[in-house]
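[1] Got a predicted structure here, sequence first:
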Amino acid sequence: MRRPPVLLFYSLLIMSRGLAASNKPRRTVSFNDMDLKQFKESGFDSLSSLMIRQDIGQLVVGARGKVLTLALDDITKKTSEAKWTVSPADKALCQMKGKDAEECDNFIRTLHTMEDGKMLVCGTNAFNPECDYMTFRNGRVSLEGKKQVGRGKVPFDAYQRFASLMDGNALYSAASSNFLGTELVFQRHGLNPVRTEVKRSWFNEPTIISISLVEASENSEDGEDDNIFLFFTENAVEEHRDNIQVSRIARVCKSDLGGKRTLQRKWTSFLKARLDCPFGSAASPSLIQDVFLLRDQNNWRGGIFYATFTTNLESSDACSQSAVCAYKLSDISQVFSGRFLTERDTGSWDTYTGEEPFPHPGSCINNELRAKGVTTSLDLSDKNLLFVKNHPLMEGVVTPMTGKPLLVRTGTRFSKIVVDRVTSPDGRRRQVMLIGTDSGWLQKAVRFDGEDGRVIEELQLFPTPRPVSFLQLSSETGQLYSGASNIAVQVNVRDCSRYTSCDDCLLARDPYCGWDEIRGHCASVADALLGSTIQSLTDGDIRMCPISKLKDKPAIVHLNIRIAQFLPCSPETNLLVSWRFWDGVLPPGPRHTILSQGLIIRPSYSDSGLYTCETVETVKRKVHRRTVVQYLVQVQDANTAVRNLRAAVIALAALAGLLMCSLVVRHLKAKNKQ
């Protein structure tokens with residue numbers, strides 16, 4: 001049965017316009033098309049923390065009123081569960097203070113591993129934070145019941161942003177320390193507790209993003225102390241306009257003990273600077289959303305922070321922009337070694353031009369200072385500490401190492417990011433950015449030298465849109481773990497099976513993947529035999545691929561003159577599609593409408609011939625084409641076809657009549673002989 005050509009044309013035209021406007025990445029994979037493992041069971045909701053325990057093969061998940069352990073190699077297998085609910089008295093007291101029943105529960109928001117293998121677990125506990133220790137023995141997780149105060153370690157509110165970091169047995173946290181959530185403290189807990197000064201110039205209505213430890217002392221020639229970095233957004237005190245939010249990076253020294261008289265039990269090394277990621281409108285500063293540290297094992301100053309930013313937060317999703325910027329630790333250190341801003345009596349902030357005390361305020365202890373008698377922060381003068389107390393803000397701005405973002409996307413809100421370092425068959429190491437979005441997608445992005453960043457694959461993590469709240473990667477196995485509200489998912493980021501040909505495999509320029517010449521498929525370079533895999537990450541040169549011929553012969557299609565018909569072409573990739581007629585490019589025209597899914601043709605007699613649908617990708621000005629499907633079109637007049645059919649029917653009828661007569665004559669002759 002022939003399809004209605006006009007209706008088909010308009011429906012396909014609308015689909016084509018929609019796809020073109022969406023500016024899709026090279027390959028988009030939906031939730032149902034992925035080899036993705038998900039954990040979702042009755043009674044599991046409000047996922048609030050996530051931790052990989054590679055040493056015991058478990059993914060530890062904190063949720064409302066419970067902690068679960070899932071098998072790391074397959075999170076669909078729950079191995080154990082420990083409940084930690086709120087007592088009726090605590091819940092009633094919480095509700096008396098004006099909170100609703102849902103808020104007055106225990107949301108497990110902190111999971112950290114300690115030196116002895118135990119885990120520190122902290123929950124909101126009906127707006128009265130508590131912590132406990134947890135063990136994993138004989139395949140089961142259990143709480144020890146040694147409750148301790150959790151104030152300042154996690155926020156009172158289950159949905160307020162905070163950050164924490166465990167170094168050995170020392171916990172660093174940046175969280176609100178009061179019921180209303182208005183007093184934020186960045187502090188170290190334990191034997192030598194220190195915290196931030198309560199001053200507007202230190203924190204001004206901040207939103208906490210992340211804490212990172214940089215171990216400088218391991219490979220530092222000058223013996224510099226380890227650094228702790230805090231990332232946050234806040235209202236800029238130095239701006240003349242009110243409530244201008246900016247992104248910040250702050251630094252403290254790990255061995256900071258506070259001052260002897262001034263800044264007792266307070267950070268003596270707290271300095272902060274503006275963090276810039278230039279994109280979008282200058283009137284709408286970019287706001288940091290997440291940070292990942294890619295360490296350099298040979299030189300700590302060569303480490304790189306990768307951060308996601310968004311702008312136009314109040315605009316529609318279609319107008320919002322997101323970006324990834326990268327910052328080298330050496331550049332950050334230079335800013336913290338620079339000049340300070342100072343607040344004038346008028347309330348304005350200007351560059352400090354007076355004499356600075358020795359050593360440079362906020363400096364971390366190194367060999368040079370130790371040689372001069374400054375071995376700890378307790379040896380610093382009151383003059384030095386008073387300067388730090390009143391001048392926490394640096395004049396310099398931390399700018400991206402490339403001068404611009406690595407990647408910018410419109411219509412997408414980036415949330416979480418992790419970065420993986422991948423070693424290619426040629427021995428070079430390249431970075432893959434794995435970025436979560438507010439709509440529940442994972443974007444795999446790369447940036448090679450001399451090029452802009454690009455998304456090479458987009459994966460739908462959740463069956464319905466929801467923000468990616470957690471993103472953690474096991475670099476050992478290539479398994480990525482994510483979660484949001486009532487679902488946890490696991491996906492293999494090294495999966496290369498979706499590149500179905502050598503051309504696709506090389507054109508994708510995916511650092512994880514290469515063409516395995518022995519097995520004849522696209523495979524992970526991490527699992528490939530030495531010398532068996534080819535890649536072309538720089539050029540996407542498909543001439544390296546084995547020569548292959550089109551498997552199928554051209555499909556023969558009979559079309560009627562001036563009646564619109566559709567020739568489908570559905571490549572497995574999201575590359576641009578081009579049509580050729582014989583050996584020439586087929587341009588759009590009144591008889592040919594080219595869509596992303598095929599070709600609509602209203603043929604004349606001259607349109608008979610060979611039509612070829614190809615995918616086209618340009619890599620560094622080189623055009624790569626690959627045949628998807630071919631049609632050998634034969635055009636005929638509909639009336640002529642009908643007349644020919646009628647003539648054929650008449651001829652067949654006449655032939656049938658002659659045969660019948662012949663049979664009758666033979667029958668009569670045979671009867672007469674009898």
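    Cool, got the structure.
[2] what about the helices in the protein?
    5-22, 88-96, 329-336, 367-371, 382-390, 502-508, 638-673 (DSSP state H).
[3] what's the least confident stretch among these?
    Lowest mean pLDDT within the helices of the chain: helix 5-22, at a mean of 34.
[4] In space, what's closest to the residue most central in space within the chain - neighbours in sequence excluded?
    Central residue of the chain (C-alpha atoms, centre = their mean): residue 435, 1.0 Å from the mean position. Among residues not flanking residue 435 along the chain, residue 443 sits closest, at 4.5 Å (C-beta to C-beta, 6 or more residues apart in numbering). In short, each C-beta sits where N, CA and C put it, glycine included.
[5] Can you get me a residue count around residue 38?
    Around residue 38 there are 18 other residues, counting by other C-beta atoms under 10 Å.
[6] was I right about residue 467 contacting residue 441?
    No - applying C-beta atoms under 8 Å, one finds residue 467 not in contact with residue 441, separated by 10.4 Å.
[7] who's more crowded, these two?
    Neighbours per residue (other C-beta under 10 Å) separate residue 467 from residue 441, with residue 441 holding more: 22 against 15.
[8] remind me which residues of this structure are low pLDDT?
    1-26, 218-219, 282-283, 312-318, 548-552, 572-574, 620, 638-674 (pLDDT under 70).
[9] Could I get the buried residue list for the biggest strand by length in it?
    Ranked by residue count and defined by DSSP state E, the top strand of the chain is strand 622-636. Residues of strand 622-636 classed as buried: 624, 626, 628-631, 633, 635 (neighbour count, 16 or more other C-beta atoms under 10 Å).
[10] Same question for stretch 533-552.
    Neighbour-count burial for stretch 533-552 [16+ other C-beta under 10 Å]: 533-537, 539-542, 545.
[11] ditto for stretch 379-399
    379-381, 384-385, 387-389, 391-396, 398-399.
[12] How about stretch 508-527?
    Quick answer for stretch 508-527 (16+ other C-beta under 10 Å): 508-517, 522-525.
[13] From those, pick the one nearest residue 229.
    residue 511 (27.1 Å; C-beta to C-beta).
[14] Let me see the contact set for the closest one.
    422, 424, 430-432, 446, 525, 535, 537 (C-beta atoms under 8 Å, 6 or more residues apart in numbering).
[15] As a markdown table, those residues with distance to residue 62 would be great.
    Shown next, in a markdown table, are the contacts of residue 511 (distance: C-beta to C-beta, whole Å):
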| residue | distance to residue 62 |
| --- | --- |
| 422 | 30 |
| 424 | 37 |
| 430 | 34 |
| 431 | 30 |
| 432 | 28 |
| 446 | 33 |
| 525 | 35 |
| 535 | 40 |
| 537 | 39 |
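[16] Out of those, which is nearest to residue 145?
    residue 432 (42.9 Å).
[17] Distance to residue 453 added to the buried residues of stretch 508-527, as a markdown table?
    Shown next, in a markdown table, are those (distance: C-beta to C-beta, whole Å):
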| residue | distance to residue 453 |
| --- | --- |
| 508 | 15 |
| 509 | 12 |
| 510 | 14 |
| 511 | 13 |
| 512 | 16 |
| 513 | 18 |
| 514 | 21 |
| 515 | 24 |
| 516 | 27 |
| 517 | 30 |
| 522 | 22 |
| 523 | 25 |
| 524 | 22 |
| 525 | 21 |
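[18] Do I have it right that residue 598 meets residue 571?
    No - the criterion here is C-beta under 8 Å, and residue 598 misses it with residue 571 at 10.6 Å.
[19] what's the burial count for the residue nearest to residue 305 when sequence neighbours are not counted?
    Spatially, and ignoring its direct neighbours in sequence, residue 305 is nearest to residue 327 (4.6 Å; C-beta to C-beta, 6+ apart). Using other C-beta under 10 Å, residue 327 has 24 other residues around it.
[20] what sits against residue 327?
    Residue 327 neighbours (C-beta under 8 Å, 6+ apart): 249, 275, 304-305, 307, 398-401.
[21] What segments of the stretch 101-250 of the chain are strands?
    Counting by DSSP state E, counting those that start in this stretch, the stretch 101-250 of the chain has strands at residues 108-113, 119-123, 130-137, 140-143, 148-149, 163-167, 170-176, 184-189, 194-195, 207-214, 227-235, 245-253.
[22] Flag every buried residue along the third one.
    Judged by neighbour count (16+ other C-beta under 10 Å), strand 130-137 contains these buried residues: 130-134, 136.
[23] returning to that earlier point: and the strands of the stretch 101-250 of the chain as TSV, adding distance to residue 101?
    Shown next, in TSV, are the strands of the stretch 101-250 of the chain (distance: least, C-beta to C-beta, whole Å):
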stretch	distance to residue 101
strand 108-113	18
strand 119-123	16
strand 130-137	19
strand 140-143	23
strand 148-149	24
strand 163-167	27
strand 170-176	22
strand 184-189	27
strand 194-195	33
strand 207-214	27
strand 227-235	31
strand 245-253	33
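[24] Give me whichever of those strands is most buried.
    strand 119-123 (a mean of 25; mean count of other C-beta atoms under 10 Å).
[25] what angle separates that one from strand 108-113?
    Counting by axes from the mean of the first three to the mean of the last three C-alpha atoms, to 10 degrees, strand 119-123 lies at 170 degrees to strand 108-113.
[26] what's the angle from strand 119-123 to strand 170-176?
    10 degrees.
[27] partners of strand 119-123 in the sheet?
    In the sheet, strand 119-123 lines up against strand 108-113 (antiparallel), strand 130-137 (antiparallel) (DSSP bridges).
[28] wait, which of those strands is closest to residue 47?
    strand 108-113 (9.2 Å).
[29] residues in contact with that closest one?
    By C-beta under 8 Å, 6+ apart, strand 108-113 touches 48-51, 53, 60, 62-64, 66-67, 84, 119-124, 131, 150, 153-155, 158, 162, 164, 166, 171.
[30] do that again at 6 Å, thanks
    48-49, 51, 60, 62, 67, 119-120, 122-123, 154, 164, 166 (C-beta atoms under 6 Å, 6 or more residues apart in numbering).
[31] Could you do stretch 350-363 as well?
    Residues contacting stretch 350-363 (C-beta under 6 Å, 6+ apart): 269, 271, 339-340, 342, 369, 383-384, 387-388, 395.
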